[in-house]
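Student: sequence? don't have it. structure:
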């Protein structure tokens, strides 16, 4: 009788670096490694480095190929069910059959998916949503990302891009977004949007704690809000208001068990997450809100590699 | 070898009447019947009438109990996976174990679900979404309803009320909704909202074709828009704008194969549906829109009984 492989390799492919981990069936990360992506070397160069990373993780763990269920990879772009990458701006890729390219180098099953969806798989199986049926992950950073897991699997939808809430329209008369439309969630709540909001109001603000310098960041704003700065509090309240509405909309449409909030800015903690929760409650249809738990994401920077391992090992 | 039953009975339970149909496995409606609901008789009286309707449909079709896979029922309220009705305002019901009550009267499997979700099942299996994997039904009427079918089944979500988009927040500074919040989709786009919008502007409008009478209705407004009345066109454009944004939000979150638009007001046809389609395109993330077909619902008043039959016969 064949023994089920008890390990998988998860890869988090970013524009700057490739992170890899050897992950056990129970979600334990047994080893990890990283190397520069070197985007300039193109898809074949990147594939060579991923193959090398996988080989060293496997051999370092003292495992044979048969012990590995496969390799899961999260890619910063739009993918297809065939494992092609349609577009990945940070990698300068367009229509790259990356699964095929990798399978020519590695004698293992390869599964490829969008990085936000992969992170959602990590949180659903090994993080904030352990044991839940459905989870929506929202990532707050330079952009606003999202991924949806239903019944333990990524829900891709017809466009293979379900969960892309960054460009949900919050107000058709709202501020211009980088995508060319007005009032997108991202135009209200991304890190840069938060900084822009504060910078525009600084000249008129009675604000002792916020510097009008290049270094002004969402982290500094959240810290100032925590210390009672009123302009910073306004900025946080605005982000919380619109994220709360977006969360309410997600609950109205799919009513997931868990909405996890991750991404760099979410590290600010309660000063940001508490008002988001309050706003979501305010805008969700009564009777629906209490069925969804809104939780901080738990896996941090490991969501990518851990989630990727769940593409091949559930 | 047991032969699979080839028929089901679908029941559409409304506040005014109970509609029933004998439906074949291929979706053909072989017979139908209706009777008054008589809400005053309470849940046991209603159950008796449904049992009678089922019996006459079965016997009228010359079928034995074994020929019937079961009875599906769409209820205008919130239901549970156990077949309880949590609340159904039009029936004056609260916490009624209706599946149990019915199964005491009928020796057949009984499945109960929310009426909008049931209609979505009808459209997904036998109407606008035949053969699709996922469908979201939006119903335009006195209220705005919604139901979601994923992988051939109703997606209930954690609250068992997924798809309730009528109270999706379109603008937190928008008009007051009946639910007590501001700027809900329903407050912009329901039939009464449309009439209110026109009535408020009639005194100042250069409008020859719209009467400021009790009889002013969404149907009259859509007809006037078709005939070029500028106030009516404004009203339709406003409804289309906000419905388009809601559709865009649904696409961003779940990216369904089909969004079907039904309900009384949708009978207005192209004068309303074309601008809704255009608005949805305007507000959906580029690259996602073309994967979802936006279609008129096909089953009209039969969506309830046909969808209900699919609860037991897929």
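Tutor: Received the coordinates, thanks. Please read these numbers as outputs of a predicted model, since none were measured by experiment.

Student: contacts and neighbour counts: CA atoms only from here.
Tutor: Fine.

Student: can you pull out the strands in the stretch 201-314 of chain A?
Tutor: Using DSSP state E, counting those that start in this stretch, the strands of the stretch 201-314 of chain A run over A:258-262, A:293-296.

Student: so does the first one get close to chain B?
Tutor: No - using Cα under 8 Å from any Cα of the partner chain, strand A:258-262 stays clear of chain B, coming no nearer than 8.9 Å.

Student: Okay, buried residues for that strand please.
Tutor: By 16 or more other Cα atoms under 10 Å in any protein chain shown, the buried positions in strand A:258-262 come out as A:258-262.

Student: Over to stretch A:61-72?
Tutor: Quick answer for stretch A:61-72 (16+ other Cα under 10 Å): A:68-72.

Student: If we only consider those, which is nearest to chain B?
Tutor: Comparing those against chain B with Cα to the nearest Cα places residue A:72 closest, at 22.9 Å.

Student: Partner strands of the host helix or strand of the closest one and their direction?
Tutor: Per DSSP states H and E, residue A:72 falls inside strand A:68-75. Paired with strand A:68-75 in the same sheet, following DSSP bridges, are strand A:7-13 (parallel), strand A:110-114 (parallel).

Student: Near chain B, which residues of the stretch 1-150 of chain A are found?
Tutor: Applying Cα under 8 Å from any Cα, we find that the stretch 1-150 of chain A lies next to chain B at residue A:134.

Student: Which strands or helices does the helix or strand containing residue A:34 pack on?
Tutor: In the assignment (DSSP H and E), residue A:34 maps to strand A:29-36. Here strand A:29-36 touches strand A:17-24, helix A:42-60, going by 3 or more Cα pairs under 8 Å, 6 or more residues apart in numbering or on different chains; DSSP states H and E.

Student: now with 7 Å?
Tutor: Counting contacts by 3 or more Cα pairs under 7 Å, 6 or more residues apart in numbering or on different chains; DSSP states H and E, strand A:29-36 is packed against strand A:17-24.

Student: related to what we said a few turns ago, tell me the two of the buried residues of strand A:258-262 that are most distant?
Tutor: Using Cα to Cα, the two most remote members of the buried residues of strand A:258-262 are A:258 and A:262, lying 12.6 Å apart.

Student: what sits against residue A:308?
Tutor: Residue A:308 sits next to A:10-11, A:72-74, A:118 when contact means Cα atoms under 7 Å, 6 or more residues apart in numbering or on different chains.

Student: Not counting its neighbours along the chain, what's nearest the residue nearest in space to the middle of chain A?
Tutor: With distances taken as Cα atoms, centre = their mean, residue A:116 lies nearest the centre of chain A, 3.7 Å away. Take residue A:116 and drop its neighbours on the chain: the residue closest to it by Cα to Cα, 6 or more residues apart in numbering or on different chains is residue A:147, 5.3 Å away.

Student: next one: phi and psi at that neighbour?
Tutor: For residue A:147, the backbone dihedrals are phi -150, psi 150 (criterion: degrees, to the nearest 10).

Student: Taking helix A:42-60 as reference, get the angle to the strand holding residue A:34.
Tutor: Interaxial angle, strand A:29-36 versus helix A:42-60 (axes from the mean of the first three to the mean of the last three Cα atoms, to 10 degrees): 150 degrees.
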